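Chemist: no letters, just coordinates:
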């Protein structure tokens, strides 16, 4: 953790902050993630907050991922930053499913907090569905969106998300065998 503290003091190239912070959140201890969270809470520099917010989503710890997702509704995260927190978790292969489940479980709260005309709401929908590529998840998402047509400005994003998911499912169905064969051939 002392190395992370030295790095966060700004004694290195500013362009390396995100990769360093993300690596610390992903590969470090819970105390490293806590250090970044504390730094996020205390800093007044918006660009620093933005970098840390994205990096916090890199963790592999599901309990921390869920806690980070929950933070969007406990006033730890500014309203305008909710989409970035959700997006950073959804971009993490380990966090993609928890982010999607969080969106489904908190749909009404998102609508209430962000409003049905919020541009952020569409971005959250897009982030949480971008990695869906299985038939089961696609059917789950389609059913969910059929049951929740109250998306306001997110309605267009739902259409785009469903189209992208269908493309992902079709591509994976078509290419899974070839990819698997290639992968195993590279191991020999």
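Modeler: Good, I have the coordinates. For clarity, every value in this text was computed on a predicted model and none was experimentally measured.
Chemist: how far does stretch 105-120 sit from its chain's centre?
Modeler: Distance of stretch 105-120 from its chain centroid, counting by CA atoms, centre = their mean, to the nearest Å, is 16 Å.
Chemist: how about residue 59, secondary structure?
Modeler: Secondary structure for residue 59, judged by DSSP: H, G, I helix; E, B strand; the rest coil, is coil.
Chemist: my guess is it contacts residue 69. True?
Modeler: No - with contact taken as CB atoms under 8 Å, residue 59 and residue 69 are classed as non-touching, separated by 11.2 Å. Bear in mind the C-beta positions are built from the backbone N, C-alpha and C, glycine included.
Chemist: and the two? which has more neighbours close in?
Modeler: residue 59 (27 against 22; other CB atoms under 10 Å).
Chemist: now that one: closest residue in space, sequence neighbours ignored.
Modeler: Distance criterion CB to CB, 6 or more residues apart in numbering; nearest residue to residue 59, sequence neighbours excluded, is residue 25 at 4.7 Å.
Chemist: before we move on, what about residue 18?
Modeler: residue 51 (5.1 Å).
Chemist: next, the buried residues of the helix or strand that neighbour falls within.
Modeler: Per DSSP states H and E: residue 51 is located in helix 46-56. Buried residues in helix 46-56, counted by 16 or more other CB atoms under 10 Å: 48, 49, 51, 52, 53, 54, 55, 56.
Chemist: what do you get for stretch 123-142?
Modeler: Neighbour counts over stretch 123-142 (16+ other CB under 10 Å) mark 123-133, 137-138, 141 as buried.
Chemist: endpoints of it, how far apart?
Modeler: For stretch 123-142, the first-to-last residue distance is 17 Å (CA to CA, to the nearest Å).
Chemist: okay then, goodbye and thanks.
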